[in-house]
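Chemist: The following block contains a protein sequence and its predicted model.
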Amino acid sequence: MTDLTTASTALTRAFGQPARRTTRATARPDLIRVLAGILSWFWVQQRRREIIRTLEKVDDHLLRDAGIERCNIEEFVDTLMTRQR
């Protein structure tokens with residue numbers, strides 16, 4: 001019994017089809033996805049810092065009314081950002 005990889009390789013050889021190779025045409029979408037992921041990460045980090053800065057300006061009494069302790073602002077923002085995804 002063979003595994004699927006071996007069977008796939010044998011079939012491509014049997015039908016004369018070349019094995020799949022990475023070319024520039026197939027590498028570009030991967031590069032675009034990587035760049036999009038990096039830009040998305042930077043945007044999320046910028047948004048996170050902006051929310052933290054805003055919450056640090058809020059009065060302690062208002063934070064407590066919202067159920068947030070000043071020492072837990074970063075944890076709260078991380079949880080908020082995770083829920084948005």
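Modeler: Received the coordinates, thanks. Residues are numbered from 1 along each chain as shown.
Chemist: Please pull out the lowest mean pLDDT helix or strand from this protein.
Modeler: helix 4-14 (a mean of 52; mean pLDDT, DSSP states H and E).
Chemist: So for the longest helix along the chain, mean pLDDT?
Modeler: Scanning the chain for the longest helix, with DSSP state H as the assignment, gives helix 24-57. Per-region confidence: helix 24-57 scores 89 on mean pLDDT.
Chemist: Packing partners of it?
Modeler: helix 73-84 (3 or more Cβ pairs under 8 Å, 6 or more residues apart in numbering; DSSP states H and E). Placement of C-beta: from N, CA and C, glycine included.
Chemist: Can you give the contact residues for the helix it packs on?
Modeler: Outside helix 73-84, the residues that touch it by Cβ atoms under 8 Å, 6 or more residues apart in numbering are V44, R47, R48, I51, I52, L55, E56, L63, I68.
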